[in-house]
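Asker: predicted model and sequence below, questions to follow.
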Amino acid sequence: MWFYMKLAWRNILRNKRRTIIAGISIGIGLAAVLLHAAVTKGMISSMITTTTSSFIGDAQIHQNRFRDTQDVEKTISNLDDVVQKLKHEPLVSNFTLRTISMGMISSPANVNAALLVGINPETEQNLSLFDEAIKYGKGDFFKGTNPRDIVIGSKMAEILEVGLGDRIVVTVAQVKTGDLSQEMFRISGIYHFGIKSLDANMMFIRLPRAQEMLGIPGQVHQIAIKFHDTRTALNPNLPFWKTYSANSNEAVSWITLMPQLDMMLKMSAFGTLIIIIILGALVTFGIINVLFMSLYERMFEFGVLRAVGTRPGGIRKLIILEAGALGLISIAIGITIGFLITFILIKTGLDYRGIEMGGMVFQDLLYPEIEWWHYVVYPIGVLVFTVLVGLYPAWVGGRMRISDAIRKSL
Amino acid sequence: MDNHLIKTENVKKIYKDNGVEVEAVRGISLSIMPGEFSALVGPSGSGKTTFLNIISGLDTPTSGDVWLDGKLISQMKGKELSDFRRDHIGFIFQSYNLIPVLTVEENVEYIMLLQGVPKKERHDRVMEILSEVGLQDYAHRLPTKLSGGQQQRVAIARAMVSKPDLILADEPTANLDSKTGAELLEMMKELNHKKGMTFLFSTHDKMIMEQARRVITLKDGLLS
């Protein structure tokens, strides 16, 4: 075997130009897969981070069925106990309480239905990005002390034809009586995410004011939670879910809250698979072409090897080993090209800013992420693949008629 | 039959060339004794290449039988035939046909490697045979760094190193100048004499015909 390996290696280096060209073409395929995997990983991380940190959080607690019905009567049970537990929860880095209800917002020019979110600005800043989004808009995020401050989105401000400091009226139905509760607010901040659903349909007021308007003092509909490690939320068997899904409450991760994002991530994985298949198909013909060129070019030589007593299996072994040697060279080229390009993009970032995907808009540069297993699994895949592709030329080589192969001589 | 190294009985070979049947060998019965130094001669198209292919087990006859060292090789197939060629037949080709990526030593030892001969023994035997063909100082060179005559010497060493019963040489002097060809022929004759190996040449070279102890002439696929 060692002898055949040596022979295969020398044979593959015999026509260096052809081997390098083939190696580059296969290597570019590998590099493309590595780069795509790194960009996808970076994109996924960015999407998860943007989604979870913009508003949703890594997890949320509600009363059962609140998510489905948005019924404002369904406030979180045993809120004080839950809050106390969360304060001592080692997995949790931050959490914030919210009321969630539908309301009408009206200005002298227009009226709009929107989600009224009652928040605690101090804890909300640790969890969501609305305070950050103000930078792209106007004003500030509840820096003043006026209890009648309201923060709305840029699109809503456009619809209502209002600006910073303008007064608007918010109307909600009280939870217990259904009576309308109406309050006047002053616009203290206008945020801009670039996501229409966020910029047009949400308004924020302080939590006590919201509780008062809804008639649910000391009660909330939602606790948004941030874990120390975002990946914690990916574990469906985490005891956290069970612990906080008690007393008619439910604790769910962002995967449950944003099924469309989860679907997007699965589609990304599927996209990677499609790219691998397409590149694999292209590379297949490249490898077969090189191996057959090499086979036919050296048919006479193989004939001599067979004549002097090499078994058909020996010829097959040699061709497969040559395919493997070509694979190794391609892997070295592919890893080098793939790593270099990925490394450069990690330093410079990809400008996807403003592009909407899966209901979210990229706010920052996208940075590819290298995962070590990409550089193990995909190269091994290339090696296995080249060897598998080499089986066909090997089969042809093993079946050659010796007398035909050496016809020019004996 | 027991004394014959090669015996063929009414060997025929019919090819199909573009759908047309071509009778390349039309029934050759021949015996070659051990230790012979014979030449197979004939014009192009006489069937000598086909006949040599059949004798060496590189091709199978359409009908008839071929015995080599008492074994019916015309019925052998696959691994059995490969192993038989490896152990019993040495080949010398017109264009040397050494493996260009292997050194002289590796080319010569290849057959012994297939035979599973231990490394030390392989090395000793390679050096011994290279010494006999005068190339002991070229063991680590690649064939491309040798002259035509030297390459053919390596081919002879490769053919002889495993001590086969029969050495088939196809036009071994065709690519060499007459002086080198004469030297090589003399060397093969000496090896034949010293080691008792059987040589069968396919040739147009008058020098080989003159040196051969027996000349077998083929014409139109038949012995003439």
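Answerer: Sure, I can see it. Numbering: from 1, shown residues only, chains lettered A, B, ... in the order given.
Asker: check chain A for its longest strand and report it.
Answerer: strand A:92-106 (DSSP state E).
Asker: relative to the helix or strand following that one, what are the paired strands and their orientations?
Answerer: Reading on from strand A:92-106 to the C-terminus, the next helix or strand found by DSSP states H and E is strand A:111-119. Paired neighbours of strand A:111-119 in the sheet (DSSP bridges): strand A:92-106 (antiparallel), strand A:202-206 (parallel).
Asker: per-residue confidence averaged over strand A:111-119?
Answerer: For strand A:111-119, mean pLDDT rounds to 93.
Asker: which residues does it contact?
Answerer: Outside of strand A:111-119, the residues within contact range by CB atoms under 8 Å, 6 or more residues apart in numbering or on different chains are A:96-106, A:152, A:156, A:159-160, A:170, A:172, A:200-211, A:213-214, A:220. Where you see a C-beta, it was placed from the backbone N, CA and C, and this is true even at glycine.
Asker: stretch B:118-126 too?
Answerer: By CB under 8 Å, 6+ apart, the residues outside stretch B:118-126 that reach it are B:Glu105, B:Val108, B:Glu109, B:Met112, B:Leu113, B:Val117, B:Ala139, B:Ala157, B:Val161.
Asker: who's in contact with the fourth one?
Answerer: Spelled out, it's B:Met112. B:Glu121, B:Arg122, B:Arg125, B:Val126, B:Val161, B:Ser162.
Asker: of these, which is the nearest to chain A?
Answerer: Using CB to the nearest CB, B:Ser162 comes nearest to chain A of those, at 8.5 Å.
Asker: okay, now the closest one: neighbour count?
Answerer: 23 (other CB atoms under 10 Å in any protein chain shown).
Asker: again with A:His192
Answerer: 17.
Asker: contacts only, for it.
Answerer: A:Ala133, A:Tyr136, A:Gly137, A:Gly153, A:Ser154, A:Asp199.
Asker: 7 Å - rerun?
Answerer: A:Ala133, A:Tyr136, A:Gly137, A:Ser154, A:Asp199 (CB atoms under 7 Å, 6 or more residues apart in numbering or on different chains).
Asker: which of the residues you listed count as buried?
Answerer: A:Ala133, A:Gly137, A:Ser154, A:Asp199 (16 or more other CB atoms under 10 Å in any protein chain shown).
Asker: out of these, which comes closest to A:Asn249?
Answerer: A:Ala133 (29.3 Å; CB to CB).
Asker: I'd guessed that closest one sits against A:Gly194; true?
Answerer: No - the criterion here is CB atoms under 7 Å, and A:Ala133 misses it with A:Gly194 at 8.6 Å.
Asker: picking up where we left off before, pLDDT and secondary structure added to the contacts of B:Met112, as JSON lines?
Answerer: Shown next, in JSON lines, are these (pLDDT from 0 to 100; DSSP: H, G, I helix; E, B strand; the rest coil):
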{"residue": "B:Glu121", "pLDDT": "92", "secondary structure": "helix"}
{"residue": "B:Arg122", "pLDDT": "91", "secondary structure": "helix"}
{"residue": "B:Arg125", "pLDDT": "91", "secondary structure": "helix"}
{"residue": "B:Val126", "pLDDT": "92", "secondary structure": "helix"}
{"residue": "B:Val161", "pLDDT": "86", "secondary structure": "coil"}
{"residue": "B:Ser162", "pLDDT": "83", "secondary structure": "coil"}
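Asker: of those residues, which is the nearest to A:Lys176?
Answerer: B:Arg122 (98.4 Å).
Asker: give me the below-cutoff pLDDT ranges for the stretch 251-400 of chain A.
Answerer: A:357-361, A:363 (pLDDT under 70).
Asker: can you list the residues of it near chain B?
Answerer: A:Glu301, A:Val304, A:Ala307, A:Val308, A:Gly309, A:Thr310, A:Arg311 (CB under 7 Å from any CB of the partner chain).
Asker: out of the residues you listed, which is nearest to chain B?
Answerer: A:Gly309 (2.3 Å).
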